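Visitor: Dropping a prediction and its sequence here:
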Amino acid sequence: MADTSDIRTPAQIEADIKRRRDVLAETLDEIGVRVHPKTIVGDAKAKVVSNIDHTLGRAYVAVNKTVTDVKAQFVDEDGAPRLERVVPVALVAVGLVGLLALGTRRRRG
């Protein structure tokens, strides 16, 4: 006794073969696009740009946090300067500038 559930007509078989050929052609076209040098270069560029953007974003966050932390050392919560910290730093800066100016003057003279 033959199983009649798997019997297909020649037209059905031809249609199935055509459908499979079309799917195979699409797959080959996709592979061709993926391995094309322009696609490979474009993907590599996109990956590099993404990595650079990610790195720059992390660097920006780190710098922003550092600036905020330093600012918090010299300004209170209300935004007023903390004179007990600003004055000594300003005096040290003025002293360094004075020493540099004095050193430059001695070299010339």
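Guide: Nice, I can see it. Residues are numbered from 1 along each chain as shown.

Visitor: residues in contact with Gln73?
Guide: Taking C-beta atoms under 8 Å, 6 or more residues apart in numbering as the criterion, Gln73 is in contact with Arg82, Arg85. For every residue, glycine as well, the C-beta is placed using N, CA and C.

Visitor: tell me the phi and psi of it?
Guide: Backbone geometry at Gln73, expressed as degrees, to the nearest 10, gives phi -70, psi -20.

Visitor: Tell me how many other residues crowd Asn51.
Guide: Other residues lying near Asn51 total 10 when counted by other C-beta atoms under 10 Å.

Visitor: Distance check, Ile31 against Arg105.
Guide: Applying C-beta to C-beta, to the nearest Å, one obtains 74 Å for the distance of Ile31 from Arg105.

Visitor: cool, Ile17 as well?
Guide: Going from Ile17 to Arg105 by C-beta to C-beta gives 95 Å.

Visitor: helices or strands up against the helix or strand that contains Val92?
Guide: Val92 is part of helix 83-108, with elements assigned from DSSP states H and E. Helices and strands touching helix 83-108, as assessed by 3 or more C-beta pairs under 8 Å, 6 or more residues apart in numbering; DSSP states H and E, comprise helix 37-74.

Visitor: Let's test this: mean pLDDT of the helix it packs on, rounded?
Guide: Confidence for helix 37-74, expressed as mean pLDDT, is 94.

Visitor: Could you check the angle whichever strand or helix holds Ala15 makes with helix 37-74?
Guide: Counting by DSSP H and E, the element that carries Ala15 is helix 10-34. Here helix 10-34 points in a direction 50 degrees away from that of helix 37-74 (axes from the mean of the first three to the mean of the last three C-alpha atoms, to 10 degrees).

Visitor: can you list the residues that contact helix 10-34?
Guide: The list of residues contacting helix 10-34 from outside it, by C-beta under 8 Å, 6+ apart, reads Arg8, Thr39.
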